[in-house]
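Q: this one's sequence-less:
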């Protein structure tokens, strides 16, 4: 896929989303769907993620974020679209 075919979504998820396996489930789901990027906990209790890939797969990840891991309780999902940066692979990052 060329860079022109990729999109990038910067996502912030609020609710009970830390300490419930949200990041690990995000990594597993993104990898399974062929989406690149990263996910991390924020000090304010939210989870931050970046998804890059084909538009359909990225949108499916955004939809997944509204439910997330089985033990999560999501209150809100904020999405900002950015220029793709060519991220390759998916990783869980340290809290920020």
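A: The structure has been received and is ready for your questions. Here the structure is a predicted model, which means the values were calculated and not measured.
Q: residue boundaries of the strands in this structure?
A: Ranges of strands within the chain are 7-16, 36-41, 47-53, 73-82, 90-92, based on DSSP state E.
Q: could you dump those to JSON lines with distance to residue 27, mean neighbour count and mean pLDDT?
A: Any C-beta I mention is one placed from the backbone N, CA and C, and that applies to glycine too. Shown next, in JSON lines, are those (distance: least, CB to CB, whole Å; neighbours: other CB atoms under 10 Å; pLDDT from 0 to 100):
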{"stretch": "strand 7-16", "distance to residue 27": "14", "mean neighbour count": "18", "mean pLDDT": "98"}
{"stretch": "strand 36-41", "distance to residue 27": "6", "mean neighbour count": "21", "mean pLDDT": "98"}
{"stretch": "strand 47-53", "distance to residue 27": "9", "mean neighbour count": "25", "mean pLDDT": "98"}
{"stretch": "strand 73-82", "distance to residue 27": "17", "mean neighbour count": "13", "mean pLDDT": "98"}
{"stretch": "strand 90-92", "distance to residue 27": "5", "mean neighbour count": "17", "mean pLDDT": "97"}
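Q: In TSV, list those along with distance to residue 22.
A: Putting the strands of the chain into TSV (distance: least, CB to CB, whole Å) gives the following:
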stretch	distance to residue 22
strand 7-16	7
strand 36-41	8
strand 47-53	5
strand 73-82	9
strand 90-92	10
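Q: nearest to residue 25, of the ones you listed?
A: Nearest to residue 25 among the strands of the chain is strand 36-41 (9.4 Å), distances taken as CB to CB.
Q: Next, the angle strand 47-53 makes with that closest one.
A: Strand 36-41 and strand 47-53 are oriented at 180 degrees to each other (axes from the mean of the first three to the mean of the last three CA atoms, to 10 degrees).
Q: tell me which strands and helices strand 36-41 is in contact with?
A: Applying 3 or more CB pairs under 8 Å, 6 or more residues apart in numbering; DSSP states H and E, we find strand 36-41 packed against helix 22-33, strand 47-53, strand 90-92.
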